[in-house]
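Peer 1: this is the structure alone, sequence omitted:
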């Protein structure tokens, strides 16, 4: 499973959800969703907007984690 690290990177930089929304032009509801549910589906273009706003490469905003089924075994 792929997990978004947008929340962690934003918090390290002291960037609020509202500011991230303003900089990216992404609706605040979407920003809140990816902060709450880091396994949400996002388009690559949206991921690129987050990366540019946070000043990082898009690859730094994602990680692979075991699926829920694998963790329970």
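Peer 2: Received the coordinates, thanks. Bear in mind that the values here come from a model prediction, so they are computed numbers and not experimental data. Numbering: from 1, shown residues only.
Peer 1: can you give me the strands for the protein?
Peer 2: For the chain, the strands defined by DSSP state E cover 2-4, 62-64.
Peer 1: could you dump these to JSON lines with mean pLDDT, distance to residue 26 and mean neighbour count?
Peer 2: (Each C-beta comes from the backbone N, C-alpha and C, glycine too.) Shown next, in JSON lines, are the strands of the chain (pLDDT from 0 to 100; distance: least, Cβ to Cβ, whole Å; neighbours: other Cβ atoms under 10 Å):
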{"stretch": "strand 2-4", "mean pLDDT": "95", "distance to residue 26": "13", "mean neighbour count": "15"}
{"stretch": "strand 62-64", "mean pLDDT": "94", "distance to residue 26": "17", "mean neighbour count": "12"}
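Peer 1: ok, what's across the strand from residue 4?
Peer 2: residue 62 (DSSP bridges).
Peer 1: how close does it get to residue 17?
Peer 2: Separation of residue 4 from residue 17 (Cβ to Cβ, to the nearest Å) stands at 13 Å.
Peer 1: mutual contacts of those two, please.
Peer 2: Contact criterion Cβ atoms under 8 Å, 6 or more residues apart in numbering; residues shared by residue 4 and residue 17: none found.
Peer 1: excluding its backbone neighbours, what's nearest residue 10?
Peer 2: Excluding the flanking residues, the one nearest residue 10 by Cβ to Cβ, 6 or more residues apart in numbering is residue 20, at 5.6 Å.
Peer 1: ok, now which ones touch that neighbour?
Peer 2: Counted by Cβ under 8 Å, 6+ apart, residue 20 has contacts 6, 10, 26, 31, 50, 53-54.
Peer 1: report the longest helix in the chain, please.
Peer 2: Under DSSP state H, the helix in the chain containing the largest number of residues is helix 44-54.
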